[in-house]
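A.B. asks: Sequence plus the predicted model coming up.
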Amino acid sequence: MRHNKSGRKLGRKPDHRQHMMRNMVTSFFEYEKITTTVTRAKELRKLVDKMITLGKRGDLHARRQALQVIRDPKIVAKVFEMIAPRFSDRPGGYTRIIKLVNRQGDNAPMCVFEMVEEGYEAAPKSENTDTEEKVAEVETA
């Protein structure tokens with residue numbers, strides 16, 4: 001039974017899982033977008049949100065806590081100075097998971113894990129589209 005046990009094992013031992021997640025968080029903040037499996041992205045989302053929240057706090061203790069997960073000081077500086085200020089007025093939900101086609105070798109569900117940018121709309125809406133013009137022409141005829 002898994003009472004009060006949170007998180008996924010991802011088929012790895014605890015040390016390997018911890019190092020893999022640290023590497024993925026570092027790569028995510030370096031490139032601001034990564035392609036991975038859906039299960040890994042859902043686990044990664046927890047750590048990334050914590051790191052951005054620490055960056056929003058911005059004090060020395062928060063920076064040291066971030067350095068425990070992200071071992072590269074340049075990436076930690078990027079999180080605190082460039083990434084966290086972008087989300088200063090957002091209370092959470094800094095990332096999104098966009099599903100892709102399954103991986104060819106083992107049919108694993110893949111996704112793009114990226115940051116949510118302010119002002120993003122899923123489909124840009126125009127006031128007058130081609131279909132609306134065609135409907136208007138048919139109605140008048």
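C.D. replies: Perfect, thanks for sending it. Numbering: from 1, shown residues only.

A.B. asks: quick one, helices of this structure?
C.D. replies: 14-31, 38-57, 60-69, 73-78, 84-86, 130-140 (DSSP state H).

A.B. asks: Now find how far off-centre the shortest one is within its chain.
C.D. replies: What that stands for is helix 84-86. Helix 84-86 sits 14 Å away from the centroid of its parent chain (Cα atoms, centre = their mean, to the nearest Å).

A.B. asks: The second one too?
C.D. replies: Once both centres are worked out by Cα atoms, centre = their mean, helix 38-57 turns out to sit 7 Å from its chain's centre.

A.B. asks: Dump the helices of the chain to CSV, plus distance to E117 and mean pLDDT.
C.D. replies: In short, each C-beta sits where N, CA and C put it, glycine included. Output for those, formatted as CSV (distance: least, Cβ to Cβ, whole Å; pLDDT from 0 to 100):
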stretch, distance to E117, mean pLDDT
helix 14-31, 15, 97
helix 38-57, 13, 97
helix 60-69, 22, 97
helix 73-78, 16, 97
helix 84-86, 8, 95
helix 130-140, 28, 56
